[in-house]
Each structure stands twice: as structure tokens, then as C-alpha cells.
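Student: Here's a sequence, model it:
(chains A and B)
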Protein chains: 2
Amino acid sequence: MSRWSNSGLDLHLSLPRGPGRRAALEEALREAVAAGRLRAGERLPSTRALASDLGAARGTVAEAYAQLVAEGWLQARQGSGTVVAPVAVAQPRPERVTVSPAEAARFDLLPGRPDVGSFPRNVWLRALRAGLATAPDEIFQREDALGLAVLREALAAYLARARGVRAEPDSVLICGGFRQGLALLCRALVRSGRGRVALEDPTVPHHRDTAEAAGAEVVDIGVDRDGLQVGAVRRSEVDAVVTTPAHQFPIGVTLAPERRAALLAWARETDGLVIEDDYDGEFRYDRQPVGALQALDPEHAVYAGTASKALAPGLRLAWLVLPPSLLTAVRDEKACDDGSNPVHDQLALAEVIRRHDLDRHLRTVRQRYRRRRDRLLAAIAEHAPGVRVSGIAAGLHAVVELPLPGPSEEEVVAAAAERGIAVAGLGTMHHTAEAGRPALVVGYAAPPEHGYAAAIDALAKLLGELTGR
Amino acid sequence: MSRWSNSGLDLHLSLPRGPGRRAALEEALREAVAAGRLRAGERLPSTRALASDLGAARGTVAEAYAQLVAEGWLQARQGSGTVVAPVAVAQPRPERVTVSPAEAARFDLLPGRPDVGSFPRNVWLRALRAGLATAPDEIFQREDALGLAVLREALAAYLARARGVRAEPDSVLICGGFRQGLALLCRALVRSGRGRVALEDPTVPHHRDTAEAAGAEVVDIGVDRDGLQVGAVRRSEVDAVVTTPAHQFPIGVTLAPERRAALLAWARETDGLVIEDDYDGEFRYDRQPVGALQALDPEHAVYAGTASKALAPGLRLAWLVLPPSLLTAVRDEKACDDGSNPVHDQLALAEVIRRHDLDRHLRTVRQRYRRRRDRLLAAIAEHAPGVRVSGIAAGLHAVVELPLPGPSEEEVVAAAAERGIAVAGLGTMHHTAEAGRPALVVGYAAPPEHGYAAAIDALAKLLGELTGR
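Tutor: Presented below is the predicted three-dimensional model:
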């Protein structure tokens, strides 16, 4: 440790011997300027004086000064030596503390979240290794904005088999979650002057944020027991409608056959676009899932699937099956946004699908979620018989209808939070003021396998107390 | 194989015995409707008749009809049985054939492309395994839009050490390549009414597409031997400027010290924003790289780094170090776009940095690229002495200035293509009509290690012939 005494500056230098000396001197000078100990305009000692002070070669100091002049920390002034440049002094940042409700809660019953403890880490690693073993180098260069061909091929076959989608590899676009898919679609629609987009009401709140951020004019369309109110779609004169026909989120109903037909008739007659958000189509417990709407009219429908529920939201991996009329526009939006999806996850997912690891994983978690749903129904029947669970036997969430008269949604959500149970009120997913029956949207998938029973029982008992059993 | 003869329809059915019968019948019916062999309104045989034809149980046929009614392929009409619904008939799609110049060429000398053959596949796999071994389950749920904390911590330390960046983990945002970073920044600026953005001219052509797609009003600012013309920035009254101070792309110069100071003075005085695109800052061959401009004024500068040159573009992994004033706005844009970056690559990169695998990889490829640059200079000196290579000894590309009088850029690029050499003309990266000296931008990193010498020699010999040696 040597002290820079003759200049009167508070500059502590710990100069190692050997090749690191110059770098250490530079770093000490940068740090002193950034911290405000050396101020703008202040004159530095001559290279000769500082070298002598530090016991360093004069050339070392001169090189350090030159580097810092090149970087803009110092300025070389003719006749007046080297002075400190005007540099912004570091301001301490406030600590950022964000704790989400799910993190704070003992029992996470928020919807839209799968059991991430079941994510098949080893299967994924094996698939990636297998994919990397045979992949050509070129995949590491910038990819086609549509995504990796090997994944688009695997998905086209899988979607046809599992969801009845009419897809060809060249009509599939890989994107960063359904959210990015929605953003890309909205931007493409807005750019072509067709930016009036209907969303289901209720729906996932952030879908509205995403559509509006993308410039869309959002129109809310109500949902009843038969799903999306297609008559209202027609009256609203929108260009596109985002819908969840297999399992409406959050209400949990299936779009009725006559509504499916009416929706497609609207699309055909008005050249409208149906965006089918098939977020949990793999999870039906009582019968064969209803196949994709898209297959009935691939020219007027976009099929959107995702790995977020089937595997994990952290993958940020989803896919759009696009009509020819939209393919180029959406691909251009992807190219202008992040270019394409990252290659490793695409390689791994392609292998996971091809080796039927995805089917095996889905069978496992489908059984788990079915057990959890059964447990939820049984616990509520036992502890809170005045409460009704609605929606089809599918997906990762159920709607728990609160009896009238009785406590409000807000009261129940607050009481649950006090017991460490995170749960969502249906009202938070409504955009229009229409006051429906109070209800909770209960996600039963998020807790770890060893903890779901306790979480569900805690909620059922609370509901029993609050609804005055 | 059984034939549905009594209905006169061309429906071939291959019905297996056992539980797959119903699914096979459904699939055959879907396929016949989609292909147009069963037409809208056509009446299907009764369940009894078809069951008898197929030797199947009547219940099997009834269930299949019910499923297809639920999905919208068929319609159940009171009194008139089951009819085919109006469904769009599949149109054959045209074959998509796209071959990029790089794929078609024997010698890929396009700029901006690293040697992807050197991507450390095994290092990446090991790092991912190590990251997955200790990562908590929660990382697989939806992440903070900023990115994985473990990667932001590793990057903040690495960037301070390697590039002199002033970063804290909570000021780092992980994004899908610099392109997405630029899109997010432009959207945030546009939304706050500060959407007039300067780009260097020449620059990467797709940066302009991305900025304009994000709604920015793009202003072109010229570049000379001292880098970005900062006086023009000031006169253009822009809100932000995107610049490559360490190694201007494509010209290859460093931003002169007085220009750095003037640029930051402009930012301070006008509350402007400097977006520092440090795309290849790790690659300097003749001296220590110039440290990041951002460190001189972190309140008015965004530092943008990327894994695209250091590792591979296919990773789609980049990072922004943001001033506090922009952090929330850019994070919100990321949240509304794809939510956050995928988790696996972030885990792996964090380990690759922490274990100093990145430093080791960079040392290896830095030596390779330096050798390639030396070879380019030597080959041109030998074969085409009238041609001058300009730009500092850095990065993955060089500017090859064609002599005047002599062939035009277009003539040289076309002659190169005929010999299987893909190379870019500098003119294609200019937005304004200003006719500079004709030049090529030669990327020497893309060819595989065993092929670069042949590629460079082929180009040098061609230049020798064309410039009349």
C-alpha cells in the first residue's frame, strides 16, 4: 500500500509488482474520479513525480494516463499537463425490494402457475446434450426468425397429433411465451391498419397491457357459460379476437359448438382473425380434450400454444401457427424485436418432443393435477358445502363461487393472505365494471407435490369459516 | 382397412382393435372434412349404419360424432341427423426456399458473424448442469423482467472488471440480443415523448429497421476518422444517440477522446441519452481496449453488451446497464413484450462467467481472430498492394478500401460472389446518399478455423486481379 502524499489527494494505491501495475493504477484513478475524490479540472501530478512517488517506471504512469485520456476520465491539456475530466459522480442507488404475493405466502394458490418442482431437469439436460451432439455449427449463427427448423417440424407433428392443429413446419413461429406472440400479432395487425382487437372479459390482466403496449385498441367481450359471446364480437366490429375456446381463462368453460361455428362464420365473413390461446389444452381430466378451433379454418385462425403450463413459464417458449396471409408480417415483427428465439432451448424441446419425453411428462403431471383438483372439490365439499366449484375438469385452476349473501372477494382474499394463502379474486380479472357473482380463481398446480394438500385444506377450512358453515 | 361403401364417400378407414378405434375414426373424419372430401352440409350416415359398416360398437361412433360436434367439424341438427359443418378446406402452401448469401457461398466473409465452430458446447452443458444442480425451483416460474439475479450479479462484476462499466446487479436488464435491447429502449423513449434517436451512418442496417419499427424517428449522423460526429448530434436535437465508441461498426475507428467528452457534455446539457453499443469490446489486438464510455456518466448512458460476438448470436443473449431514470420504463417494456429472458441460458451464462470459462474462451478466440486479421493484412499486401485496410486492430471485421479509379463496390461484390465469396459492400451500410470511397466490410471470423486462410487468400487474389496489379 503506497500513499500518494505529495499531491494531497486521498488516493490509496495498492500496486502489485509486475505486469498488473499499470492496470491497478488505472483502476485506482478511475475509482477516485468516479467516487468524486478527484474532481473535474483538478490537475494531476506529472508522470515523473507520480512515478517517483509510487516507485514505478515513468512509462507505466504515462501509459496509464494515456489510457484514461482515451477513455475520457482525464484530459491532456497543452501546457497545463493532465487534468481530471468532467465525469458524473456515482450516486448510491436505493435498495430494490420486491416480494411478490406468491413469494411471501406459505401456500401459493395463484392461478397460471404450474408445479415447477416437477420440471424434468435431467430430461431437459439429456435432450440438450443429444441435440448438441448432432446439431450443425450454423445453428449458432443468427437463425431464421421463424425459429429452428428441427423444432418447427417436431411441433407441427406433435400439434397435429395432440391438439388436431393443421400445421406445417413453415407455418410455425417460435416466440418468447404467448405474451410475445400476442405482442407480435398485435404489432403486425396495427401496422396493417387492423388494430382493433377483442379480448375476453375476464381474462389474464397482462394480456391487456401487452396488447395496448403494442398499439392495439382493445375491446372487451363478455364470457358466459357457453364461453365467448360471439354475437358481441360481431357487433363490436373488431379485426381480431383473442379467445381460449378449450378452457376459458379464468371462467373455466368450453366454447359451445354453435359459438365455435358462429365465431368462424364471423371470421370468414369479415376476414377477421381468431387468435386461439390454447394455454392448457393438454390438461383435460374427464374426457378427450376438445381439438383446436384453428383446424376448422387455418386461413382465419392463429393457433397459439405454450410450454409455460406443460413445462415451465421460465422457458419463455411458445409457438404460433400462422395463416399464410400473416406469416411474413409476424416474422418481420419477430425479426425487428429479438431476431429469433435462443437456439439451445429450441434444440432441447425438439428432442423432448421427438423422444416422447413430453408425452411422458404430461401424463405424470396430468395425473397430479387431476388428483389436486379432486382434492380441492372434496375439501370444499367437506369444509365449505355452501361454496360451489365451477368450470370443466381441466387445466390448472378452478373457479370457486362464493355464496350470496356472504363475504366479498376482497374480504376473502385478505383473510386468506393473513393465513399465508395467496389466491386471486375473479374481480381482478374483469375489465368492465359488470359485477358478477363473487368468486376466487384457485390455482392448484403451483404448490410443491408435498404441500398441495395442506394448501388446499387451509383454503377450504377458511372458506368454511367465512361462509358460516 | 375397411371402406365406407354404403355412403358413397371416399373415406378410407384403418380402424385398429381396442381403445384407439374412436380416435382413428375421429381423425379419419377430420381429415376427410379438412381435405374437402366431405363437404359442408353433407349428411353423415346414422351412427347405427356406420357402426355396422365398420364392425364397431354404436357407442364408439356416437362418441366420435359428439367429439367432432364439440370441436366444430360436424353439426347435430334436430331431425336431420349429423351434417358436415362449413370448414375451410386446406390449400396447399407454396414451398418456401430461402438461401442466405452466407449459406450459398463457399467462403463466408460477411461481417458480424463469429466463428460458431468454436462455440464451447461442452463448457455450456457443464455450466448448465452445475447451474441446474443448485437452482431453486422458483426460477422456473415467471422471472423478474430484469432477468435472473444470479446472472445480473455475475455480469455486473464481469463488466466492471473487463470493460470498466459501472454496474450494479439491479441496474442490469437481460434481453434477447442487442436488437431487442434497442427495441425496448426505443419503445420506452417513444412512450415518454423522447423518440428522436440518432444512429451512426454507416451502421448495421437492421438497427434502423428495429428503431423505426419501435416508433422512433431516426436521424442519421455521419462518422469520420474520429468516430461519431458529435457536433452533428448536437445540431440534430435528438433525444438519444446509439454509438459504437470502442470500435465503430463498420468503419472500425475509435471515438476520439475529445469526442467522448463532447458527447457526454451534450448528454448532460440536454438530458440526452447515450446508448453505447459495445458489441465487440472484448476484441482488441494491439493494446488494452478502451473502457466503456458509460462509466463516465452512468446517469446519461446505457451500456449494451452482448454474447453474440463473444459466444454466439444464436444465444440471443444481451444485457443493458440502465440509468435509474430509465430502469422502470425499460423493465415495463420487457414485461409487456416477452416477460423475461428464458431461464436456462441465463443460468448457464452465469456459471460460464463465474468459473472464468468466458475469459478462457475469449482468450482462445481472441488469438484466433488476431491471427486471421494478420493473415488478411498479409494476403492483401501480397496479392493486392493497391488496396488499403483501415480501422484499428480489433473486432471481427476490417474495412478494405478499394483504390480510385477502380471497380465499384457492386462490381467487386458481384465478382466475389461468382467465386463463392460472400462479402459486404460498405455502401449497403450507409443510409444517406453520401458517396464515400468504395470499400468492402470483410468479416474474417465466420469461416471455420480450417477454412479461413483459403477464404482470405481467395479474396485477396480476386482484389489483386480487379485492381490491376
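Student: strands paired with the strand ranked longest in chain A, and their directions?
Tutor: Ranked by residue count and defined by DSSP state E, the top strand of chain A is strand A:217-224. Strand A:217-224 has these partner strands in its sheet, going by DSSP bridges: strand A:196-201 (parallel), strand A:227-228 (antiparallel).
Student: deepest of those strands, which one?
Tutor: Of the strands paired with strand A:217-224, the one with the most neighbours on average (mean count of other CB atoms under 10 Å in any protein chain shown) is strand A:227-228, at a mean of 26. From N, CA and C alone the C-beta is placed, and that goes for glycine too.
Student: what's next to that strand, contact-wise?
Tutor: With CB atoms under 8 Å, 6 or more residues apart in numbering or on different chains as the test, strand A:227-228 has contacts from A:200, A:221, A:241, A:243, A:245, A:248, A:251, A:253-256, A:259, A:263.
Student: and it, how far from the chain's centre?
Tutor: Offset of strand A:227-228 from its chain centre (CA atoms, centre = their mean, to the nearest Å): 25 Å.
Student: coming back round to it: can you lay out the strands paired with strand A:217-224 as CSV showing mean pLDDT?
Tutor: Putting those into CSV (pLDDT from 0 to 100) gives the following:
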stretch, mean pLDDT
strand A:196-201, 97
strand A:227-228, 96
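Student: Point out where the stretch 1-150 of chain A drops to low pLDDT.
Tutor: A:1-19, A:90-104 (pLDDT under 70).
Student: for it, what spans make up the helices?
Tutor: A:21-34, A:47-54, A:58-71, A:101-104, A:121-134, A:149-163 (DSSP state H, counting those that start in this stretch).
Student: Take the ones you listed and write them to a markdown table, including mean neighbour count and distance to chain B.
Tutor: What follows is those, written out as a markdown table (neighbours: other CB atoms under 10 Å in any protein chain shown; distance: least, CB to the nearest CB, whole Å):
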| stretch | mean neighbour count | distance to chain B |
| --- | --- | --- |
| helix A:21-34 | 20 | 6 |
| helix A:47-54 | 18 | 17 |
| helix A:58-71 | 20 | 4 |
| helix A:101-104 | 13 | 8 |
| helix A:121-134 | 17 | 5 |
| helix A:149-163 | 20 | 9 |
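Student: Save these as JSON lines, and put in distance to B:Gly314 too.
Tutor: Shown next, in JSON lines, are those (distance: least, CB to CB, whole Å):
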{"stretch": "helix A:21-34", "distance to B:Gly314": "33"}
{"stretch": "helix A:47-54", "distance to B:Gly314": "47"}
{"stretch": "helix A:58-71", "distance to B:Gly314": "32"}
{"stretch": "helix A:101-104", "distance to B:Gly314": "33"}
{"stretch": "helix A:121-134", "distance to B:Gly314": "12"}
{"stretch": "helix A:149-163", "distance to B:Gly314": "13"}
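Student: Nearest to B:Leu155, out of those helices?
Tutor: helix A:21-34 (18.5 Å; CB to CB).
Student: What is that closest one packed up against?
Tutor: When contacts are defined as 3 or more CB pairs under 8 Å, 6 or more residues apart in numbering or on different chains; DSSP states H and E, helix A:21-34 packs onto strand A:12-13, helix A:58-71.
Student: Let me have those in CSV, adding distance to B:Ala211 as columns.
Tutor: CSV is the format used below for these (distance: least, CB to CB, whole Å):
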stretch, distance to B:Ala211
strand A:12-13, 44
helix A:58-71, 27
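Student: So for A:Val442, which of these sits nearest?
Tutor: Nearest to A:Val442 among those is helix A:58-71; the distance by CB to CB comes to 56.7 Å.
Student: and the angle for that closest one with helix A:21-34?
Tutor: Orientation check (axes from the mean of the first three to the mean of the last three CA atoms, to 10 degrees): helix A:58-71 against helix A:21-34 gives 50 degrees.
Student: For helix A:58-71, which outside residues touch it?
Tutor: Residues outside helix A:58-71 that contact it (CB under 8 Å, 6+ apart) are A:21-22, A:25-26, A:29-30, A:44, A:47-48, A:50-51, A:54, A:74-76, A:82, B:164, B:254, B:257, B:260, B:288, B:290-291, B:293, B:295-296.
Student: Contact partners for whatever residue of the stretch 151-300 of chain A ends up closest to chain B?
Tutor: At 3.0 Å from chain B, A:Gly176 is the closest residue in the stretch 151-300 of chain A, using CB to the nearest CB. Applying CB under 8 Å, 6+ apart to A:Gly176 gives the contacts A:Arg316, A:Leu317, A:Ala318, A:Asp338, A:Asn341, B:Gly176, B:Asp337, B:Asp338, B:Gly339, B:Asn341, B:Pro342.
Student: What values do phi and psi take at it?
Tutor: A:Gly176 has phi and psi values of phi -80, psi 70 when expressed as degrees, to the nearest 10.
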